[in-house]
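**Student:** Predicted model, plus sequence, below.
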Protein chains: 2
Amino acid sequence: MTVVDDIKKKSVPVDEAIELLLPVMEPAGLYEASRHIVKAGGKRLRPAVLLTAAEAVGGDTKTAVPAAVAVELMHTFTLVHDDIMDNDPVRRGLPAVHTIWGEAGGILAGDTLYSKAIEIITEADSDPVRLLKSANILSRTCVEVCEGQWLDIDFEKRDYVSAEEYLEMIEKKTAILFGASAQIGAIIGGADEKVALAMYDYGRLVGLGFQIYDDVLDLVASEEVLGKRQGSDIFEGKRTLLMIHAAEKGAIPRAFGKGSGTKDDIEEAIKVLTDSGSLAYVKDLAVGFVEEGKSKLDILPDSPKKQLLKDMADYMLYRTY
Amino acid sequence: MTVVDDIKKKSVPVDEAIELLLPVMEPAGLYEASRHIVKAGGKRLRPAVLLTAAEAVGGDTKTAVPAAVAVELMHTFTLVHDDIMDNDPVRRGLPAVHTIWGEAGGILAGDTLYSKAIEIITEADSDPVRLLKSANILSRTCVEVCEGQWLDIDFEKRDYVSAEEYLEMIEKKTAILFGASAQIGAIIGGADEKVALAMYDYGRLVGLGFQIYDDVLDLVASEEVLGKRQGSDIFEGKRTLLMIHAAEKGAIPRAFGKGSGTKDDIEEAIKVLTDSGSLAYVKDLAVGFVEEGKSKLDILPDSPKKQLLKDMADYMLYRTY
C-alpha cells in the first residue's frame, strides 16, 4: 500500500468519528457553520500522522481515533479564524465560514470547533494520565499557533523579515501541530516520554519541510495539484521564504505583487528564482528538515509502521494531490 | 467576614496566579492584548464560587487555584470575543481588546486566553482523573456558551422571543459557567460525582438568578453600583426578560430604544414596569432560581463554608459593588 492509500484509508474512521462526535445539534446554524470546512475535504494529514505514530510505537489506531479527530478539528478552527483575520473569502474551494455566516458566525464556529476538540480528547476511552497529557499538549500547541499567527500578521506590516523570523513563524503557525499530532499519537499508543518527544520533533521538522516546500509547489505545480491558481503567491506578492531569499539576492520576478499574471510570467519567475538560487535554497532547506525529522525515528525499532512514518515524511514534499 | 470580604480575599491568590501563569512573553503584543481585560478588574466571582465549592466539600483552596484561574480566563475569553461580535468598543471602563489591537488582535487574544485556560487546568498539581474531568467540563461548557451566544445573536434578528427562549439563552451564555465553576471546585476538592452534579446545579441556578437580576439592577441601581449608565438597557432597547414580559403586557417605557434618556425617563420606566408587574415578575424569578440553587446545597453537611456558598448566592442578587 502506498502512503497515499494509507492516508486515505486512515481518513475513513476519522471521518466517521467526526460525523458521530460533531453532529448537527441545536442551534443548527452554529453546527452547520462549524462543520462547513471540516466537511469540505482536507486530506486529514494530521490525523494520519497521529494514527501512524500510535501504530509505530505499538498502539492500536482505534483507541487513537478521538485524538485524531481532535487535532483535525483544532486545525480547522485555526483555518476558520485565520480566514476572518486574513479577510480570505474562500477556503477549500468553498466560501469561507465568515463569507456565509458572517464574522460573528465564523468566530463562534471556530470557538466551537476548538472546544469540541478538547471535549472529545478529554472524554476518549483511554488512560486518563495519557489523555490529560494529550489535552495539555493540544492546548499548549494552540497557544503557540496563536503566537505564530500574531507574528504572521505583524510581519505584513513590516518592510523586512529575516529568514530566521519567517521560520519561527511557520514553525509555530504550522509545524508544531504536526509535532503535537505525532507526540499525542505516541502517547496514546503507549510510548514513554522520551519516544513521545522524539515523535514531536519528527512531526515538527516534517511540518517545517511541508510548509517550506509549499512555496515551491505554488510556483512549479499545476492548478490540479494545488487546488488553486499556479503562481498565486508570486502574483499576490506574498512574502514567503522563497521571496525573502530572492529579495536578498535582488531577484524579483516581474509579476511579483501585480495581482495576476500569465503563464509567461510564471516561466519568468521560475527562471529568475532558479538563477538567484532561491528555488534551490528553499528545496534544500525543506529536504533537510524532512531528513532531520526522519532521523528522529531512529529511536524506534525498525518496523513497517516506522517505514510508513518515513514515507509520510517524504510525501509531505512530493505530495501530488 | 462578609461575603464581599471573602470574595475579595479569594481574588488575591487568583490574581497572583494569573501573573505567574499568564506572563508577558514574546510576541509581547499578543500577551498584552490577552491580559488587557483580565487585568482591567472584574470581581473574580467565578473563581470565588469555584474555591468556595472546593472548601465546602472539604478540599483546600490552594490546590484549586489553577482551576479558578482557568474559569476566569475562559470567562474573559468569551467577553473578548463577544465584544467583537457585538461591536462593543468598551469593556470594564476601558477600550475593548479589538478597539486597541484590531479585530484580528481580539480574535487571537481570545483564542490565547481559552488555550491558556485549558493548558493551566491540564497541568495543575492535582489528581489526573479529576483534572481530566474538569478540563472536559470546561470545554463542554464552552461549547454551550457558544450555543448561547449564537442564540443571542439570532434573537436580535427576530421580532419575537419568548421568555422560555430567553432563559435558555442566558442559561447557556452565562449561568452554566457558574455551574461549571462550582462543579470543578467540588471535583478538585475531592467530592463524588453526585455532590459535584448538585454543585453544578447550585452554580447554574444561582447564575440564572444573577443574570436575570442584572436587568433589574440596570434600571434601579445607581451608576456607581453599575459601573455604567443607569437605565442603559432601556435606552438601548435591549430585549431583556424584563422587557419581554413588559412587551407581553403592552407596557413599553417611553424611552425604550431611544438611545438616551433623562432621570425622568428612568422614573417613568420604573413606574410603567412596576404597574405591568414586570419588575416583580423578574425579581421573583431571580429569587426563585437563587433559592432553588441554595436548596441544592442540602446534599452537603452544614458548615461555615456551606453557609458561605448560600451567602454568595444571595450576594448574586444584592451585590452592590
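**Tutor:** Nice, thanks for sending it over.
**Student:** Next one: the spatially most central residue of chain A relative to residue A:32, how far apart?
**Tutor:** The residue lying closest to the centre of chain A (C-alpha atoms, centre = their mean) is residue A:174, at 5.1 Å. Using C-beta to C-beta, to the nearest Å, residue A:174 is found at 27 Å from residue A:32. Where C-beta positions appear, they are placed from N, C-alpha and C, glycine not excepted.
**Student:** State whether the residue nearest to the centre of chain A and residue A:210 are indeed in contact, as I suppose.
**Tutor:** Yes. The pair residue A:174 and residue A:210 passes the contact test of C-beta atoms under 8 Å, sitting 7.3 Å apart.
**Student:** Now do the helices in the stretch 101-250 of chain A.
**Tutor:** A:128-156, A:163-170, A:176-188, A:193-220, A:223-226, A:232-235, A:241-248 (DSSP state H, counting those that start in this stretch).
**Student:** Do the second one and chain B come into contact?
**Tutor:** Spelled out, it's helix A:163-170. No. Helix A:163-170 lies out of reach of chain B by C-beta under 8 Å from any C-beta of the partner chain, never closer than 9.6 Å.
**Student:** just the angle between that helix and helix A:128-156, please?
**Tutor:** Orientation check (axes from the mean of the first three to the mean of the last three C-alpha atoms, to 10 degrees): helix A:163-170 against helix A:128-156 gives 130 degrees.
**Student:** Flag every buried residue along helix A:163-170.
**Tutor:** By 16 or more other C-beta atoms under 10 Å in any protein chain shown, the buried positions in helix A:163-170 come out as A:166, A:167, A:169, A:170.
**Student:** same deal with the fifth one?
**Tutor:** Applying a neighbour-count criterion of 16+ other C-beta under 10 Å, the buried positions in helix A:223-226 are residue A:226.
**Student:** list the helices and strands it packs on?
**Tutor:** helix A:193-220 (3 or more C-beta pairs under 8 Å, 6 or more residues apart in numbering or on different chains; DSSP states H and E).
**Student:** one more time with 7 Å
**Tutor:** Of the remaining helices and strands, none touches helix A:223-226 by 3 or more C-beta pairs under 7 Å, 6 or more residues apart in numbering or on different chains; DSSP states H and E.
**Student:** pLDDT at residue A:320, what is it?
**Tutor:** With respect to pLDDT, residue A:320 scores 54.
**Student:** which residues does the nearest residue to residue A:13 once chain neighbours are set aside contact?
**Tutor:** Nearest in space to residue A:13, with sequence neighbours left out and distances taken as C-beta to C-beta, 6 or more residues apart in numbering or on different chains, is residue A:65 at 5.3 Å. Applying C-beta atoms under 7 Å, 6 or more residues apart in numbering or on different chains to residue A:65 gives the contacts A:13, A:14, A:17.
**Student:** did I read that right, residue A:65 in a helix?
**Tutor:** Yes. Counting by DSSP: H, G, I helix; E, B strand; the rest coil, one finds residue A:65 located in a helix.
**Student:** Tell me how far it lies from residue A:311.
**Tutor:** Distance from residue A:65 to residue A:311, by C-beta to C-beta: 21 Å.
**Student:** cool, and residue A:128?
**Tutor:** 33 Å.
**Student:** ok, now residue A:83?
**Tutor:** From residue A:83 to residue A:311 the distance is 31 Å (C-beta to C-beta).
**Student:** More neighbours: which of those two?
**Tutor:** The residue with more neighbours, out of residue A:83 and residue A:311, is residue A:83; 21 against 17, by other C-beta atoms under 10 Å in any protein chain shown.
**Student:** Now do the same contact list for the more buried one.
**Tutor:** A:91, A:96, A:97, A:98, A:106.
**Student:** can you count the residues close to the third one?
**Tutor:** Counted by other C-beta under 10 Å, the residues lying close to residue A:97 total 30.
**Student:** Thought residue A:33 was touching it, still the case?
**Tutor:** Yes. Judged on C-beta atoms under 7 Å, residue A:97 makes contact with residue A:33 at a distance of 5.4 Å.
**Student:** Find the residues that touch each one of these two.
**Tutor:** Here residue A:97 and residue A:33 share the contacting residues A:105, A:109, scored by C-beta under 7 Å, 6+ apart.
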